[in-house]
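S.K.: What follows is a predicted structure for the sequence shown.
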Amino acid sequence: MLGYLIRRITYGIVTIFAVSVLSFLIIQLPPGDYVTSYIAALEAQGDDVSAEEAETLRAYFGLGQPPYVQYGKWMYQIAQGNLGLSFQYRVPVTEVIGERMLLTIILALGSVVFVWITAIPIGIFSAVRQYSIQDYIATTLGFIGLAVPDFLLALVMMYLAWDWWGFSIGGLFSQEYAAAPWSLGRVVDLLQHMIIPIIVLGTAGTASLIRITRANLLDELRKPYVVTARAKGMTEWQLILKYPVRLALNPVISLTAYIFPFLVSGSIIVSVVLSLPTLGPVLLRSLLSQDMFLAGAIILLIGVMTVVGTLLSDILLGLVDPRVRLE
Amino acid sequence: MSQEIPNENVEVKLLEDRVSVASQRQLIWWRFRRHKVALAGLVVVICFYLAALGGEFLAVSDPTAGRSARAVVPPQPIHLFDEGSFSPHVCAVEGSRDLYTLQKTYEADCTQKIGVRFFAEGFDYKFLGLIPSNRHLIGVSEPEEYKSEEYIFLLGTDVQGRDLYSRIIYGTRSSMTIGLIGVTMSLALGITLGGISGFFGGVLDNVIQRTIEIIRSIPTIPLWMGLAAALPADWSILQLYFAITIIVSLFAWTDLARVVRGRFLAMREEDFVTAALVAGAPWQDIIFRHMVPSFYSHLIASATLAIPFMIISETALSFLGLGLRPPAISWGVLLQATQNVQAIALTPWLMFPAVPVIVAILALNFMGDGLRDAADPYSAVES
Amino acid sequence: MNNETVLQVNNLKKYYPVEAGFLKRQVGTVRAVDDVSFAIRQGETVSLVGESGCGKTTTSRCIVRAVDPTDGEILYRRENGEIIDLAKISQGDLRPIRREFQMVFQDPFSSLNPRMTIYEIISEPLRVHNIGNQREREDRVADLLQRVGLRAEYMRRFPHAFSGGQRQRIGIARALAASPRLIIADEPVSALDVSVQAQVLNLMMDLQDEFGLTYLFVAHDLSVVNQISNTVLVMYVGRVAEIGPPLELFRRPLHPYTAALIASVPKPDPFNLQDRVIPEGEIANPANPPSGCYFHPRCPFVVDICKQEAPPLEEIEPGRFVSCHRAREIELVV
Amino acid sequence: MSQSTRSEAVASHKIDNGAPLLEVKNLHTHFFTGEGVVLAVDGANFEVHAGKTLGLVGESGCGKSVAAKSILQIVDKPGRVVDGEIIYSSQVSAGQEVRRDLLRLDAGGAEMRAIRGGEISMIFQEPMSSFSPVHTVGNQLTEAIQLHTEMSDKEANETAIQWLSHVGIPNPTQRLNEFPYRLSGGQCQRAMIAMALSTNPRILIADEPTTALDVTTQAQILNLLQRLQAETGMAMIFITHDLGVIAEVADEVAVMYLGRIVEKAPVKEIFRNPKHPYTKALLTSIPRIDAQPRERLPSIKGSIPHPQNRPSGCPFHPRCPAFIAGTCDVKEPQLAAVGENHQASCFLYPGC
């Protein structure tokens, strides 16, 4: 188990490194260096920046030095908790991200839970009652859920909400709570607003998880140990829930590791459509306005979140399946 | 009863003979054919690519020609009969501006009928980029007679007064080919790297596998967004098109590489591969006569299932304004018009481009699923 | 190596590293084949027999170089008398020689490429070695098919049209296509039904007589081995336990393991059910074998030396080789 | 072989009043597949007597496993028992027997489940994959015990340990907490036997229990099964394709071919005086360790047809050396007496 854990953590670190390099690359890609765009942004807003100030800034970020030095400085700053400045908002990136980060995590976790509690029972039922009407319905719905991209689903939901009830489903808070400090009322308000985003976000994941649970369970149901259990005299549901489901869930758990990045990524576009106060809309705006420090920081943070999520589900798999630890 | 037995046997015998000499490809086709949904998917996919090829012929009007006079016209239904006789037409619309909301509104005026016919004359184009023509599948009977707003807007028009139906047809080309080209690129990468990984194994395999694992756990959408946003603003449509295709396929090759590697590894253990080795076959022979033909069907299935992913990616990026940019036309670009709730509320028909996206993805998924089942015609047939 | 010998294997070894941990450190060695020596004379059948993990299949794969041996010699006498070491030769140099020794596989399903017609499968060795033109190859395949008891027109069919026994015949036809001298048969009848097994065994013996073939026959079934071999080689955990002609070896084994094997085989004879002496314990793990003679923890005749020293393979009677410290003193009954 | 003392859990069942413990009559189990109906078992008749072993012998696809699973009503989908009777006499109290048709019981009902694994246990061919890889051996063993007894966890654990040591597994207490992959194939099969016998069944169905094992391990397992049978007095249905194994373990033999019992007799009678051409051919075509090397074996021509292409009439007629045109390929022979305690279904014998 320890070896397995070390291996997983090493992969995680390497992945974070890869993401950080890519994020840095993205920061560097637009023409002109960061200070030039920063100064341009400041001047556009009426501020005057002297040549010395510009030089100080350049030295601070190590501009003009080789890229790996700049990368090193950027990483060093990040390790200090300094994610740089957003020149669009003119405040430190950490301030812009703050609560949005938390809400992004809550949304992704909520979707994982939603995916689990809907997909697994449906998948199990679908496999056990293979070729029944319910199975066909679940399979077809699964297919459609897989085919509809989540942002289109969000659009459709918005249209329906507008057309049927005449209200907008955007946002995660009602107006009275939007800027209020955290309180029980705000949490309840948040939960109410999260239902539709979670459904939108979780649909594709649910669909694929239904299919995978079903396929895995069908595989497991043919294995000899199921016959053994049956020959013991167990009731059908008793044995299905104890044995094949238990085994079929292993790949499902490890799959969560791969669904998680999709949920986090997917939440970005869905958030844009539903104008949720998560990282998504900020990322889009920063990319469109070339606010690259903010963008780079967000991409890096999302990368770290994904890696941590993946790591957690890998560890979960290791706990659940003795064969994984053995490897 | 007993007289019937020989007949039955003859039939069984004939069937047996037919199956005995059936090649792999035939068996796959027979098996695929039994999947009715997959077959329907195949037909739909073919239709989409035909539409991509002959978009100009299918379009009603020039997709870039817009006039503010006919902005946001709602979809016009085609009436097949006129006073009991067959004469397809649409009703003309009368535009006016609501003085209160300043919104443009249209009223159908069925006293003015605009005749619709097949193979009508319309704007000039070159069919397949070669043959000059001005015939279109459908169009107005006498184009010269009508004013600009008196035309057929099957799915309505956008804010700039461009015919949405024609734009969707044009969008098919970029959206569907990005999938195809993207998959081709992913396949090239996936086959090369997966093949190296699976055939040679060892350190190389280890490095490639770890790389794939890392790429798979990277959150792709934010990275695409970042990469796409970093593309220079002054690039041409064509440059953007290829850049976006490359970005999209950059992250899709890993699945295909895994499929290829897995197949190679499984194949290496097959006795018939050892048999070829023992027979003295050179390694090119072993790879291209034995291994590759044994899994190309699986590969086609996996590639088919990867296309929807590419289509979704392009649509999403363009929808966010990070992918193809106007004047390029793709489904994602068209959907950009629906980014806010007001647009959806007032001009819901602008959401029509979502329909081909969903239909294309569904069709490709069904087809790919059927292919995957059929790819291994010897696996136990589920009843 | 005398003139009659086609293949002589000397001290063949195949070790696999056992890797563990994140950095794939080697933590041990599986001695799949550990110092195996034997010789096959022209026109004869030598059988490798033993239980799972005894290294019989690895030995055969080393000889055809589907696996590269770790150490040892595999001397092969070509038709022109030239002697080459198959263990050392490069794959490229080996290729033209390959047509002289062919292989028959255990699994009749995985050994035929399902994408190829029977003609393509059987003619592959001909194609690879550029023997004959299309017409001649077709005639050859038709001839081979008839020879193994199938109809010539089957060459247009695909493997899925045939039963296990028929497929095994096709596999034999392929092995014969380029007129080899030596055939390595890896459990060729184990996957077949009892009623088909005899057909294939008979066919193999007929072909051997007709073409003067030399067989290396790998099997786990002692009765099958008894039926087809001139010489039997009993293996245990990568090592040779005993070599001898079947008639003597099965009636009067010299190694306690051979005796145990024979006693364990259920005999289709309900009239003579005697109490058998079957070995206790389990087959040793090749990754972690016991000291000395690998069989000592299960051997009823074990003495101290067995625990310390691995016995050498000695010829204690003409044609009877055995690796047991006590082979000369103990009396084994079956 | 470990000679542990007889465990308390082992109770003797020896009662033989001549009536069979289990009677399978005219069993038909068919598989309804997309390509057509496969007659996996097509009219099987056999009896199992207390303390005796019935050897069910046949080649691949003859339906021997399906017949066994039909007894417990655990035939996999799309298979279904379509006809027949399986009469089982259970012992309600000392000397009192109740005869029930198992096929009339609800497959998922409590009554059938009490029999399944309780009174009739089963062991399988693949000992490794017959255990769930993610549950400990002990978990799976105690579960079987607790399904059929009122034992507490602790008692069940103790019983499980007793049984593991009784079947010759070293360190049973430790093994109990281990996962099956830590056990060798032979040990897994021993654990499987322990699990099957821990509920004191009156009949043990052994479905090719030694086919996947090495020959020395096979001998150990066969010895173990015979020892346990002698101790408990249970009846056994032993399914195999190996006539050598049959000769060793069986008292009665039923030979199956393509879903039918073609011959049935006591073991010595089958080997001394086989009647059906299939049995005869099978016996002469098996290689023997005591035979003269390099002699040709008489072989059966052709191969077993695919169960979907079942020949008309007698299923063996296309391969039969004694084929009678116009009879064997048209009419179906019935199982009839051809001697004392000896039945065969072949037109060579009157009454078939």
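M.R.: Everything's here; your move.

S.K.: What's the biggest helix in the chain, counting residues?
M.R.: By default, I'm working from chain A. The residue-count maximum for a helix in chain A (DSSP state H) belongs to helix A:184-221.

S.K.: not quite, I wanted chain D
M.R.: Taking DSSP H as the criterion, chain D has its longest helix at helix D:215-232.

S.K.: now the angle from the following helix or strand past that one to helix D:215-232?
M.R.: Toward the C-terminus, helix D:215-232 is succeeded by strand D:235-240 as the next helix or strand (DSSP states H and E). With axes from the mean of the first three to the mean of the last three Cα atoms, to 10 degrees defining the directions, strand D:235-240 sits at 160 degrees from helix D:215-232.

S.K.: Mind listing the strands strand D:235-240 pairs with, and their directions?
M.R.: If you go by DSSP bridges, strand D:235-240 pairs up with strand D:53-57 (parallel), strand D:203-207 (parallel).

S.K.: who touches that strand?
M.R.: Contact partners of strand D:235-240, identified using Cβ atoms under 8 Å, 6 or more residues apart in numbering or on different chains, comprise D:21-22, D:48-57, D:64-65, D:68, D:71, D:202-211, D:225, D:229, D:245-246, D:249-250. Using the backbone N, CA and C atoms, a C-beta is placed for each residue, glycine as well.

S.K.: could you flag which of those are buried?
M.R.: D:21-22, D:48-57, D:64-65, D:68, D:71, D:202-210, D:225, D:229, D:245-246, D:249-250 (16 or more other Cβ atoms under 10 Å in any protein chain shown).

S.K.: before we move on, back to that, any residue of the longest helix of chain A touching chain B?
M.R.: No. Helix A:184-221 lies out of reach of chain B by Cβ under 8 Å from any Cβ of the partner chain, never closer than 8.8 Å.

S.K.: Only C-alpha atoms, please: export the helix or strand just after that helix in CSV.
M.R.: As assigned by DSSP H and E, the chain's next helix or strand after helix A:184-221 is helix A:224-232. Extracted in CSV, the C-alpha atoms of helix A:224-232 (Å, rounded to 0.1, in the frame of the first residue of the first chain):
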residue,chain,number,x,y,z
PRO,A,224,-17.6,-18.0,-11.3
TYR,A,225,-17.6,-16.6,-7.9
VAL,A,226,-21.2,-15.4,-8.5
VAL,A,227,-22.2,-18.9,-9.2
THR,A,228,-20.5,-20.0,-6.0
ALA,A,229,-22.3,-17.5,-4.0
ARG,A,230,-25.6,-18.5,-5.7
ALA,A,231,-24.9,-22.1,-4.9
LYS,A,232,-24.5,-21.2,-1.2
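
S.K.: Now do the buried residues in the very next helix or strand once past helix A:224-232.
M.R.: Past helix A:224-232, further along toward the C-terminus, the next helix or strand under DSSP H and E is helix A:236-242. By neighbour count on 16+ other Cβ under 10 Å, the buried set for helix A:236-242 is A:Leu239, A:Ile240, A:Lys242.

S.K.: would you list these in a markdown table and tack on distance to C:Ser37 and pLDDT?
M.R.: Listed next are the buried residues of helix A:236-242 as a markdown table, based on distance: Cβ to Cβ, whole Å; pLDDT from 0 to 100:
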| residue | distance to C:Ser37 | pLDDT |
| --- | --- | --- |
| A:Leu239 | 53 | 89 |
| A:Ile240 | 55 | 91 |
| A:Lys242 | 53 | 89 |
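
S.K.: Nearest to B:Gln76 among these?
M.R.: Set against B:Gln76, the nearest of the buried residues of helix A:236-242 by Cβ to Cβ is A:Ile240 (55.6 Å).

S.K.: The closest one reaches A:Phe125, doesn't it?
M.R.: No. Using Cβ atoms under 8 Å, A:Ile240 is not in contact with A:Phe125, being 10.3 Å away.

S.K.: what residues does the stretch 101-250 of chain B put near chain A?
M.R.: Residues of the stretch 101-250 of chain B lying near chain A (Cβ under 8 Å from any Cβ): B:210, B:213-223, B:225-227, B:229-230, B:232.

S.K.: are any of the residues you listed buried, and which?
M.R.: With neighbours counted using 16+ other Cβ under 10 Å, these contain these buried positions: B:214-223, B:225-227, B:229-230.

S.K.: In helices, which of these appear?
M.R.: Members of these lying in helices (criterion: DSSP H): B:Ile214, B:Ile215, B:Arg216, B:Thr220, B:Ile221, B:Pro222, B:Leu223, B:Met225, B:Gly226, B:Leu227, B:Ala229.

S.K.: pLDDT and distance to D:Ile115 for the residues you listed - can I get that in JSON lines?
M.R.: Listed next are these as JSON lines, based on pLDDT from 0 to 100; distance: Cβ to Cβ, whole Å:
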{"residue": "B:Ile214", "pLDDT": "76", "distance to D:Ile115": "55"}
{"residue": "B:Ile215", "pLDDT": "79", "distance to D:Ile115": "55"}
{"residue": "B:Arg216", "pLDDT": "74", "distance to D:Ile115": "50"}
{"residue": "B:Thr220", "pLDDT": "75", "distance to D:Ile115": "56"}
{"residue": "B:Ile221", "pLDDT": "77", "distance to D:Ile115": "57"}
{"residue": "B:Pro222", "pLDDT": "79", "distance to D:Ile115": "60"}
{"residue": "B:Leu223", "pLDDT": "78", "distance to D:Ile115": "61"}
{"residue": "B:Met225", "pLDDT": "80", "distance to D:Ile115": "64"}
{"residue": "B:Gly226", "pLDDT": "79", "distance to D:Ile115": "66"}
{"residue": "B:Leu227", "pLDDT": "80", "distance to D:Ile115": "66"}
{"residue": "B:Ala229", "pLDDT": "78", "distance to D:Ile115": "70"}
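
S.K.: C-alpha coordinates for stretch D:333-352, CSV please?
M.R.: Extracted as CSV, the C-alpha positions of stretch D:333-352 are listed here (Å, rounded to 0.1, in the frame of the first residue of the first chain):
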residue,chain,number,x,y,z
PRO,D,333,-33.3,-44.1,-29.2
GLN,D,334,-34.6,-44.3,-25.6
LEU,D,335,-32.7,-45.3,-22.5
ALA,D,336,-33.6,-48.9,-21.8
ALA,D,337,-32.2,-51.8,-19.8
VAL,D,338,-29.5,-53.8,-21.6
GLY,D,339,-28.4,-55.8,-18.6
GLU,D,340,-28.7,-55.9,-14.9
ASN,D,341,-28.4,-52.3,-13.5
HIS,D,342,-27.3,-51.4,-17.0
GLN,D,343,-29.1,-49.0,-19.3
ALA,D,344,-28.1,-47.7,-22.7
SER,D,345,-29.9,-45.8,-25.5
CYS,D,346,-28.9,-47.4,-28.8
PHE,D,347,-30.8,-49.2,-31.5
LEU,D,348,-28.4,-52.1,-31.3
TYR,D,349,-30.3,-53.2,-28.3
PRO,D,350,-34.0,-54.2,-28.3
GLY,D,351,-36.3,-51.9,-26.4
CYS,D,352,-34.4,-48.6,-27.0
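
S.K.: does it come close to chain B?
M.R.: No. Using Cβ under 8 Å from any Cβ, stretch D:333-352 never reaches chain B; the gap is at least 16.0 Å.

S.K.: List the buried residues for that stretch?
M.R.: The neighbour-count check on stretch D:333-352 (16+ other Cβ under 10 Å) flags D:Pro333, D:Leu335, D:Val338, D:His342, D:Gln343, D:Ala344, D:Ser345, D:Cys346, D:Phe347, D:Tyr349, D:Cys352 as buried.
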